[in-house]
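K.L.:
sequence first, predicted model second:
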Amino acid sequence: MKSLIFAAGVTILAVSGSATAAVYSVGGPLSQNCYQAALSRDSRSFAIDACTRALTEEALLGPDRAATYVNRGILQMGAGRLTSADYDFDQALSINVSLSDAWLNKGFLRIREGKGQEALPLLQKGIANGARREALAYFARGVAYEQSGDYRSAYADLLKARQIEPRWALPAEWLAHYRVQR
C-alpha cells in the first residue's frame, strides 16, 4: 500500500479538524468568546486575547480553565504559533491529564509539524481517554502512521474513521489514494 497524497490532507486536518475535535463551551463571557472563536476557527489576535483575558480575569474552575487553554491552543495553532499552542495544551493537561482533546490537539500539532512518529502516542492517549469525535482521532492517527511510513496501520485507521463516520468525506478521499495489493 502506498499513499499518493499527503500534504493537502494535513492542511485540512490542521485547519478544520482540530477545532471541531476540541472546542468547549465554558465559563463567563470572555471564555464564551474564546469558545466561539475556536468554534469558528477565528485565529485573529483579538480572539486569542479574549482567551488570555478569560484565563486571567475570569474565576474559571479547573475543567473550565483546562477547556479554555485547549480553545486558546487551537487558536494559537491556527495562527501558526505552534510553541504557544503546545504550551496551552500542556497547561490543560496539567489541570486534567485525562483530557482527550488536549492530547488529540497535541497530536494534531505534531502532524502539522511533520512529526508523525511523535504524534502517535499523543493521539493514542486521546483515543484511550475517550475522544469525543472518534472518527477524527482515528483519521489523525492514520495520517500520523502515514507520516511515519507505516502504511498498513494508516490504511486500517483511515478505514476505521470512515466506518465510524461514513458521511464524513475526508477519510474516503484519503483512502482513494491507496492501492491495496493482495
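P.N.:
Sure, I can see it.
K.L.:
switch to C-alpha atoms for all contacts and neighbour counts from now on
P.N.:
Will do.
K.L.:
what about Glu58, how many residues nearby?
P.N.:
15 (other C-alpha atoms under 10 Å).
K.L.:
so what's the backbone phi/psi at it?
P.N.:
As for Glu58, its main-chain torsions (degrees, to the nearest 10) stand at phi -100, psi 140.
K.L.:
my guess is it contacts Ala50. True?
P.N.:
No. Counting by C-alpha atoms under 8 Å, Glu58 sits too far from Ala50 to count as a contact (10.8 Å).
K.L.:
who touches both of these two?
P.N.:
Shared contacts of Glu58 and Ala50 (C-alpha atoms under 8 Å, 6 or more residues apart in numbering): Leu30, Ser31.
K.L.:
distance-wise, check Ala92 relative to Leu175.
P.N.:
33 Å (C-alpha to C-alpha, to the nearest Å).
K.L.:
and these two? which has more neighbours close in?
P.N.:
Taking neighbours as other C-alpha under 10 Å, Ala92 and Leu175 compare with Ala92 leading, 27 against 18.
K.L.:
helix or strand right after the host helix or strand of Pro63?
P.N.:
Assessed by DSSP states H and E, Pro63 sits inside helix 62-78. The C-terminal neighbour of helix 62-78 among helices and strands, as given by DSSP H and E, is helix 82-95.
K.L.:
can I get that following helix in CSV, CA atoms only?
P.N.:
C-alpha atoms of helix 82-95 as CSV (Å, rounded to 0.1, in the frame of the first residue of the first chain):
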residue,chain,number,x,y,z
LEU,A,82,2.9,26.3,17.4
THR,A,83,5.1,26.7,20.5
SER,A,84,2.4,28.7,22.2
ALA,A,85,-0.3,26.2,21.2
ASP,A,86,1.8,23.4,22.6
TYR,A,87,2.2,25.3,25.9
ASP,A,88,-1.6,25.8,26.1
PHE,A,89,-2.2,22.1,25.6
ASP,A,90,0.3,21.2,28.3
GLN,A,91,-1.4,23.7,30.6
ALA,A,92,-4.7,22.0,30.0
LEU,A,93,-3.1,18.6,30.7
SER,A,94,-1.5,19.8,33.9
ILE,A,95,-5.1,20.5,35.1
